[in-house]
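*Asks:* need a 3D model of the following:
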Amino acid sequence: MKTKKLLKIKIRVIHFTLLFALGTLVSWGQTITGTVSSDDGPLPGATIIVKGTSTGASTDFDGNFSIQANSNQTLIFSYVGYSNKEVLVGNKTQINVTLEQGNKLDEVVIIGYGTQRKSDLTGSVSSVSAQDIANIPVSRVDQALQGRAAGVQVTQTSGAPGAGTSIRVRGGNSITGSNEPLWVIDGIIVGTNFDLNNINSNDIKSIEVLKDASSIAIYGSRGANGVVLVTTKSGANIGGGKPQVNVGVYTSMQLVPERPKFLNQVQQIDYTNEDARFRGVAEPFPGNPSDYPDNDFFDLLLNPSPIYNADVSIAGSSENGSVTYYNSLNFFSQDGLIENSGIEKYIFRSNIDFKLNDKLKAGARFNYSRIKQDNGVVGYGGLLGILPTQPVYNDDGSYNGFNDVIGAPFNNPVATAKLDTDETYSNNLLGTIYLEYSPIENLIIRSTFNPEINNSKRNEFTSSQRPDLTVVGETGNAKVSSTSSFGWNNENTIQYSTDFGEDHSLTVLGGASFQKVTNETFYAQAFGITTDATGFNNLGLGTDPTRNVVGSAYPDPFQIESIFGRANYAYKDKYLLTLVGRRDGSSVFAPGNQYNFYPSIAGAWKISEEPFMQNQNTFQNLKLRASYGKSGNQAIGAFFTKATLEEANTTLNGVEQPGLTLGRPANPDLKWETTSSFDIALEASLFGGKVFTEFNYYYKKTEDLLLNVRIPRQTGFDNQLQNVGSLENKGWELLINSTNIRNTNFSWNSTVTLSSNKNKVLDLGGQEFIDVVVDQIVGAGNLRLIVGETVPVFTGVNYLGTWKSQAEIDASGLNPGPQIVGGPKFENRNGDNIISNEDNVVLGSPFPDLIFGFENNFSYKNFDFNFFFQGTVGNEVYNLRTRGNFWTRGENPKYAEVANRWTPENPTSDIPRAGHDGFSNTPSNSYDVEDGSHLRLKTATLTYNLPVDKIGLKGVKSMSIYASGTNLLLISNFRLIDPETSAYGRNGLGNIAQGFSNGEYPNAKVLSLGLNVTF
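*Replies:* Residues are numbered from 1 along each chain as shown. The predicted structure follows:
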């Protein structure tokens, strides 16, 4: 039914757009025909635009085109990888052009509040175009950035359907605040936490990442972590009054990935019994291994799962170019590898622009999404902790809910997946309406209003039939929570461009911005539900009023107001200067600290324009640029400058009375974190445009870091949030684009991105280090902020193997209690008689020494082939699963390597004996930290472009079919297979605690087959 409804909607949209387009048809001009070619032959798919209008056409497979234009108009011919050419129509009815190979410096890129040719940029901007991600099945725009933008580290936090990424642009700048970049979609500032599932990746025209001070200063207090600009498609390049319809469909199959290697059932039983004997307790498995189950819970719960995607877009313009439009519908459905997980999305976009007269333009952008997310009630990491001997069913066929090995209830994942519910429905409307007025030539006044509406509802239900609850006489519970938000953003700019004298040009931009966001939350939870009949739909069935919960919140609205300006000056088109400044005021700070100013200056020298560079053939373009400036980070939420109250009941006359106490001290002196940045770069186009390269070096220092600092106890508090710390980031980036071969039938292009970032804590408010608690079992000690080290580092003691004899233990000087022969041996650095945090050393960092991407594109006649590798070198991963799967007792499955553990018959092994955990304390140590370096074949795609003209498909402009693979190859030594993970996500604790793995939802291998048709 859903598919039929969607089809009806699509048909209605197509019908409406066709009627609209046909209603605007006007006959004009003369018909121009011709061919577009290069020195190597015809260029199929080249674009021809009537300059100053939206009328356009494209060439067929043989390079032929036809377009209507007046004699006084100019045609612009363009093709990817070639320089544009302009030709005046005059009295010509046939025009044949030959395009020359171009270079990256000719491209126009999006910058904050405008556009610029890359050759005129004074700042650092990485660009990813629609062509770069065409025929690559990605459900989120951030996934398309991975490895394709130098200096940008993109980490997939989980392989779960709809899961996001953690992004670091030139390292992290904050400890308390977010390190995620600012996202701006079609000029709408949507912040750092916008759900990118709301955007259809097929609607994207380009993605730009602003990285240096000159680029991001225009966004002031919100740009310190970089800015990602997303621009969606329009109908501007499709003219002639006829709409262009694009249909794209693909289906994918997700394959269950390789699993970590564990002891088999017989080996595990042997280990568990040996563990019990050493600790002096009864063996859990006294019989033969064949007497016990041998269940593979991964096989029971993980299955190959499909993905379906369908896109329809209608784009075009009126014949005179006064109206352009782009409308699209997207349906996306992904079942998770684990039962009861998945995502389903419906997305509609409408972009429309009107040229009301020669001076006035108007337009709108609207994007609506409806998403259902099955959040998954069974975690992949949880399956890593279940013994294969654990029964799924009781003898009577009911679900088993008891673990005989530990004598406690067992959360049976098979039952949980069948019985429990956790789902989220969300709606998002993101829009913009603009008016642009040009009273005189080169003066543009623009005003936009951008609303955003979010509503989400989460339904959670724990079944009363779940076996782990029934064995203890517990009943079910349900929770319903709702979140809604409304925000608006008003941007107003005025821009003037002029040339004066023969050698000077100037563009000046000024503007003001206002934004407000309000949020409201509500939740209710009921316990004691004895029936599954109504699930979460009747909380009134909860029979335990002592545990029922109702709550709501209306946080202080976030508001920010800004004024900003930018001036771009050029002398002889070879000496460039850019000045940028923005003054922001935010409601999250107390009066007196609400405003700050962020300036930047940048310059560039086009060396290739100098006379001494004219008699050489190596460099077609050569540019040196540098920038310096400041940007900010609010780093805190509402109310953080104020004291809070917490519940603190007391007893009076033997009766408990409600009460309140101060939860944290106020600090009205809190202010913005400020990052100062320096960037220097060299850009070059070589060998006739066949090679483009760009090298950047940067240095950033962030001051006034917001940290919780210890304060005197007599104040009544242990710590207070203050601006006290500082840190630095420095590194380099290298981009190389090359056209290796290009002839009539074959072409080969390559892109390489390399980057390295080193960050360091400079000051922690007088403290040498701060422990960040991430593992409640280990406690403090495995993640630290240390002055002089990376932000952060993994810490722990060095693991030295096993104790081989009692004499070795006696000679160590350590307390003999926790030390046993065959047990773990740790380095005692401070010489006392215990192993403690005082013996900790730096074990590694989650941030790599090198991030790389390597892409190749091949074309042979009608075939295109693309493959893309990405990876990291030099980063470490803290494996939280090692505690249960290596160090602890036999009730947890053990890594396969534990088969070679220490025994009296194997006394030289450095793997601890079974049962050691009952005697020795296992601190955070070097065995928990593993190399996270990896190489991944991220995508490989083979495309066949059908020769529609030759096979007689009338009305079809182009058609292609493709086969694609994602995550096809992974080279890594990580025990849990995939080191690309983030156990704590990207916000909150995850802002600092990057690089932890607890067995997250795996990244599947995906095989896809797709079809794209343009009418």
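
*Asks:* and residue 808, that's in a strand?
*Replies:* No. Using DSSP: H, G, I helix; E, B strand; the rest coil, the assignment for residue 808 is helix, not a strand.

*Asks:* what separation is there between it and residue 820?
*Replies:* 11 Å (Cβ to Cβ, to the nearest Å). In short, each C-beta sits where N, CA and C put it, glycine included.

*Asks:* compare the two (neighbour count), which wins?
*Replies:* Set side by side, residue 808 and residue 820 show more neighbours around residue 820, with 20 against 13, by other Cβ atoms under 10 Å.

*Asks:* how about the helices in the stretch 1-150 of the chain?
*Replies:* Applying DSSP state H, counting those that start in this stretch to the stretch 1-150 of the chain gives helices spanning 2-23, 130-133.

*Asks:* for residue 608, helix, strand, or coil?
*Replies:* Per three-state DSSP, the secondary structure class of residue 608 is helix.

*Asks:* next one: the one 4 residues further on
*Replies:* Here residue 612 takes the helix state, with states given by three-state DSSP.

*Asks:* same question for residue 215.
*Replies:* Following three-state DSSP, the label given to residue 215 is helix.

*Asks:* skipping adjacent residues, who's closest to it in space?
*Replies:* residue 123 (3.6 Å; Cβ to Cβ, 6 or more residues apart in numbering).

*Asks:* look up how far residue 770 lies from residue 255.
*Replies:* As judged by Cβ to Cβ, residue 255 and residue 770 stand 43 Å apart.

*Asks:* which of the two has more neighbours?
*Replies:* More crowded of residue 255 and residue 770, by other Cβ under 10 Å: residue 770, with 22 against 17.

*Asks:* name the residues that touch the one helix or strand the more buried one maps to?
*Replies:* Using DSSP states H and E, residue 770 sits within strand 769-771. By Cβ atoms under 8 Å, 6 or more residues apart in numbering, the residues outside strand 769-771 that reach it are 707, 764, 780, 781, 783, 784, 785, 786, 787, 837.

*Asks:* pLDDT of that strand, averaged?
*Replies:* Averaged across strand 769-771, pLDDT comes to 87.

*Asks:* partner strands of it, with direction?
*Replies:* strand 783-786 (antiparallel) (DSSP bridges).

*Asks:* distance from the partner strand to the middle of the chain?
*Replies:* 25 Å (Cα atoms, centre = their mean, to the nearest Å).

*Asks:* got it, and stretch 547-555?
*Replies:* The answer for stretch 547-555 is 31 Å, by Cα atoms, centre = their mean.

*Asks:* cool, stretch 349-366 as well?
*Replies:* For stretch 349-366 - counting by Cα atoms, centre = their mean - the centre lies 31 Å from the chain centre.

*Asks:* bridge partners for the closest residue to residue 57 other than its chain neighbours, pull those for me.
*Replies:* Using Cβ to Cβ, 6+ apart and skipping the chain neighbours, the partner closest in space to residue 57 is residue 67 (4.2 Å). When bridges are called by DSSP bridges, residue 67 pairs up with residue 32.

*Asks:* how about residue 67, what does it touch?
*Replies:* Taking Cβ under 8 Å, 6+ apart, we find residue 67 in contact with 31, 32, 48, 50, 55, 56, 57, 75, 239, 240.

*Asks:* apply 6 Å and report the result again.
*Replies:* 32, 48, 57 (Cβ atoms under 6 Å, 6 or more residues apart in numbering).

*Asks:* and which of these is nearest residue 685?
*Replies:* residue 48 (24.7 Å; Cβ to Cβ).

*Asks:* which of the contacts of strand 769-771 tops the neighbour count?
*Replies:* residue 783 (26 neighbours).

*Asks:* residue 150 and residue 732 touch, don't they?
*Replies:* No. In this structure, residue 150 is not within contact of residue 732 by Cβ atoms under 6 Å, at 9.1 Å.

*Asks:* so between these two, which is more surrounded?
*Replies:* Neighbour count, other Cβ under 10 Å: between residue 150 and residue 732, residue 150 has more, with 25 against 16.

*Asks:* skip the chain neighbours and tell me the closest residue to the more buried one.
*Replies:* Closest residue to residue 150 apart from its sequence neighbours, by Cβ to Cβ, 6+ apart: residue 733 at 3.9 Å.

*Asks:* is that neighbour in a helix, a strand, or coil?
*Replies:* strand.

*Asks:* tell me the contacts of it?
*Replies:* For residue 733, the contact set (Cβ under 6 Å, 6+ apart) comprises 150, 151, 696, 755.

*Asks:* what's across from the residue nearest the centre of the chain in the sheet?
*Replies:* Residue closest to the mean C-alpha point of the chain, counted by Cα atoms, centre = their mean, is residue 165 at 3.0 Å. Residues in a beta bridge with residue 165, per DSSP bridges, are residue 156.

*Asks:* thought it was touching residue 153?
*Replies:* No. Residue 165 lies out of contact with residue 153 (Cβ under 6 Å); the separation is 9.6 Å.

*Asks:* returning to that earlier point: separation between the residue nearest to residue 150 and residue 841?
*Replies:* Residue 733 is 31 Å from residue 841, by Cβ to Cβ.

*Asks:* now do residue 141
*Replies:* On the measure of Cβ to Cβ, residue 141 and residue 841 end up 40 Å apart.

*Asks:* which of these two has more neighbours?
*Replies:* Neighbour comparison, residue 141 and residue 841: the larger count goes to residue 141, with 23 against 14 (by other Cβ under 10 Å).

*Asks:* report the buried residues of stretch 567-574.
*Replies:* For stretch 567-574, a neighbour-count test (16 or more other Cβ atoms under 10 Å) marks 568, 569, 570 as buried.

*Asks:* all strands of the stretch 101-250 of the chain, in order?
*Replies:* 108-111, 114-117, 125-129, 152-156, 165-169, 182-185, 188-191, 204-210, 227-232, 244-255 (DSSP state E, counting those that start in this stretch).

*Asks:* mean confidence score for the first one?
*Replies:* In this model, strand 108-111 has an average pLDDT of 84.

*Asks:* same deal with the fourth one?
*Replies:* The pLDDT scores in strand 152-156 average 90.

*Asks:* strand 227-232 and that one, what's the angle between them?
*Replies:* Here strand 152-156 points in a direction 70 degrees away from that of strand 227-232 (axes from the mean of the first three to the mean of the last three Cα atoms, to 10 degrees).

*Asks:* remind me what strand 152-156 packs against, helices and strands.
*Replies:* Strand 152-156 makes packing contacts with strand 165-169 when contacts are defined by 3 or more Cβ pairs under 6 Å, 6 or more residues apart in numbering; DSSP states H and E.

*Asks:* what packs against the strand it packs on?
*Replies:* Strand 165-169 packs on strand 152-156, going by 3+ Cβ pairs under 6 Å, 6+ apart.

*Asks:* can you pull the buried residues of the strand it packs on?
*Replies:* Buried residues in strand 152-156 (16+ other Cβ under 10 Å): 152, 153, 154, 155, 156.

*Asks:* measure the second one to residue 960 for me?
*Replies:* To tie it back to what came earlier, the one meant is residue 153. For residue 153, the distance to residue 960 - Cβ to Cβ - is 32 Å.

*Asks:* can I take it that residue 299 is in a helix?
*Replies:* Yes. Applying three-state DSSP, one finds residue 299 inside a helix.

*Asks:* count of residues packed around it?
*Replies:* Quick note: residue 299 (other Cβ under 10 Å) scores 10 neighbours.

*Asks:* residue 262 too?
*Replies:* Counted by other Cβ under 10 Å, the residues lying close to residue 262 total 20.
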